[in-house]
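Undergrad: Task: produce atomic coordinates for the following.
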Amino acid sequence: MNVITILSGDNRQIFAADYFNQHGYNASMKTNFNFNNEKVIVCGTPFSKDGKNINCDFYSSFPIDTFISLLKPGRIIFGGNIPQWVMEEGIENDIVFVDVLKDKNVVWNNAMLTAEGLIGKIILHTDFALNGSKVLVIGFGKCGTNIASRLFSLNCNVTIYDHTPEHLSQASSYGYNILEICDFDKNIHDFDIIINTVPCEVLTDYHMGLIKNSCILFEIASKPYGFNKELVNKYNLSLITCPGLPGETAPKTAGELIAQSIISYLERTGINGS
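TA: Presented below is the predicted three-dimensional model:
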């Protein structure tokens, strides 16, 4: 059985390596791009933070194209949020790229870990109790669903905005308030906390100007994000960005989830790291 090579990144990579080694696999950390006979390589989650360079902790900017050029045909590369162009280039070079964040189990559990980590961030960065606070959650996907559930259980007054009518109907059935974008101008001043989970701007300049200054904004979406930082500064609002919460607040659990997903793939395909 060949070594599963893990590119050094955040603590999730370390815990993933531990999990592999505890479950009959031979995993080792890699702190350079000198690939020899490694067949299975585990990159970071996300695979890239800017869509151009590999996400690792030993190079601030190592181009993805260069990384691919170092790989021999037949290699299997794991990572999170792998850009589509990378997947396509891999096919052209007989290299398999597997996105662990397309594993539904990983995605759902990451959403739960994100919600849990966000609660900690909110408590740390607010000077008021969650109990009774008015919270707007923008987006009712997997992250939004988990965040709303946990805040609701803490007796927050939770309101959901989503552009999808089905999601709003679902949110209403759970007992949450719902908000249409046409009603933002009448209601957005009421919120103590606004949480964005979608990677696009929903709040316009006009909407941002209506938010009360004591409201705290929390950004958990990936690029291009949802809150416009120029508008945040323009209206003197408080914004807390929370990138990669599972890797920050629960790296052991998140790393083990990634390792479990990879093991499942290797066993399902009969590769088993060999």
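
Undergrad: For the most centrally placed residue in the chain, give me phi and psi.
TA: Centroid-nearest residue in the chain, with Cα atoms, centre = their mean: G244, separated by 5.3 Å. Taking degrees, to the nearest 10, you get phi 60, psi 50 for the backbone angles of G244.

Undergrad: Kindly report the same for C200.
TA: Reported as degrees, to the nearest 10, the phi and psi values for C200 are phi -160, psi 160.

Undergrad: surely it meets F227?
TA: No - in terms of Cβ atoms under 8 Å, C200 does not count as a neighbour of F227; the distance is 10.7 Å. Any C-beta I mention is one placed from the backbone N, CA and C, and that applies to glycine too.

Undergrad: On the pLDDT front, check the closest residue to the residue nearest to the centre of the chain other than its chain neighbours for me.
TA: With sequence-adjacent residues excluded and distances taken as Cβ to Cβ, 6 or more residues apart in numbering, G244 is closest to D10, at 7.2 Å. The predicted local confidence for D10 comes out at a pLDDT of 91.

Undergrad: So D10 is in contact with C43, correct?
TA: No - in this structure, D10 sits apart from C43 without contact. The criterion is Cβ under 8 Å, and the distance is 11.8 Å.

Undergrad: quick one: which of those two has more around it?
TA: Set side by side, D10 and C43 give different neighbour counts by other Cβ atoms under 10 Å, the larger being at C43 (25 against 19).

Undergrad: And that one, how close does it get to N109?
TA: Going from C43 to N109 by Cβ to Cβ, to the nearest Å gives 19 Å.

Undergrad: State which helix of this protein is the longest.
TA: Of all segments of type helix in the chain, defined using DSSP state H, the longest is helix 104-125.
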